[in-house]
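Engineer: Below are the sequence and a predicted model; questions follow.
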Amino acid sequence: MNNTTLETDTAQLSWPFGIGVALIIGGYVPLALIPVVTNSNLHLGIKTALSGLFAITPFLSKIAAVAVMGKPGFNLVKQHVARSFGRIWPDRVSRTRYRFGIALFALSIIFDLLVPYFPGIFVDWKSNPVLWSIVGDVGIIVSFFTLGGEFWNKVMALFSYDARVVIATDSTTTTGPT
C-alpha cells in the first residue's frame, strides 16, 4: 500500500476513523489511574472494582474503536501498525541475533523467577521490587523483538495441538549412524 492509497482511505473514512484512533489511544489513559485508585482512601471493594475496570479499558476501547471505525478503518490501522512493526520485527533473523535473543529470553525468565527467592545476592530486591520486576519483564519483551517473527510462530505453535515439528536438514548433514 503506497502513501496515496493510505491518504485516500483515510480521507474516505473521515470522522469515524479519527474517533476510533482516539478510542484506541485513549484506552490506555486509565492504566495510569490504577496507582491513584489503589493509594486512595476508598473502600477495598471499590478499589478492586475500579482497578479491574481500568485494567480492561484498553481491551474494551479497542472493541469500541472497531465498532466505530468499521472493517475498512480497522484494516487501515492494522496495515499501518504492521508496516511500523515490520521494520523492527523481521521474520528471519541471523543466527547470532537468534542466540542473543534466546539468551536474553532465558536470563530474563530466570531473573524473574530467582531474584525474589535470593534477596541481596543478585540485587537488593526488597529495596524496590517493582523496579526489578519491570527490568525482568522488559528483558522478555525485548527478547521477543530480538528473536523475530519466526520465534513468535514457534511460541504460538506450543498452543496448537495440531502443530508438528519439522527439522530441516541440509545436504551436508547425515542422519543416522555412519
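Structural biologist: Perfect, I can see it now. Because the structure is a prediction, the values reported are computed rather than measured. Residues are numbered from 1 along each chain as shown.
Engineer: Please make it C-alpha for all contacts and neighbour counts, starting now.
Structural biologist: Fine.
Engineer: Distance check, Ser133 against Leu33.
Structural biologist: 20 Å (CA to CA, to the nearest Å).
Engineer: outside of stretch 101-113, which residues touch it?
Structural biologist: Residues from elsewhere that reach stretch 101-113, judged by CA atoms under 8 Å, 6 or more residues apart in numbering: 133, 136-137, 139-140, 143-144, 146-147.
Engineer: change it to 6 Å
Structural biologist: Residues from elsewhere that reach stretch 101-113 (CA atoms under 6 Å, 6 or more residues apart in numbering): 136, 139-140, 143, 146-147.
Engineer: what's the answer for stretch 61-74, then?
Structural biologist: In contact with stretch 61-74 (CA under 6 Å, 6+ apart) are residues 16-17, 20, 23-24, 27.
Engineer: low pLDDT regions in the protein?
Structural biologist: By pLDDT under 70, the low-scoring segments of the chain are 1-13, 85-91, 116, 118-129, 170-178.
Engineer: Mind telling me which residue is nearest the centre of it?
Structural biologist: Nearest to the geometric centre of the chain sits Ile141, at 6.9 Å (CA atoms, centre = their mean).
Engineer: That one: helix or strand, and which one exactly?
Structural biologist: For Ile141, the enclosing helix or strand under DSSP states H and E is helix 129-147.
Engineer: Report the buried residues of stretch 133-140.
Structural biologist: 133, 136-137, 139-140 (16 or more other CA atoms under 10 Å).
Engineer: coming back round to it: kindly present the contacts of stretch 101-113 as CSV, with separate columns for distance to Thr38.
Structural biologist: Converted to CSV, those look like this (distance: CA to CA, whole Å):
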residue, distance to Thr38
Gly136, 23
Gly139, 27
Ile140, 27
Ser143, 31
Thr146, 35
Leu147, 36
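Engineer: Just name the closest of the residues you listed to Ser40, please.
Structural biologist: Gly136 (28.2 Å; CA to CA).
Engineer: Excluding sequence neighbours, find me the nearest residue to the closest one.
Structural biologist: Leaving aside its sequence neighbours, Gly136 sits nearest to Ser108 (CA to CA, 6 or more residues apart in numbering; 5.0 Å).
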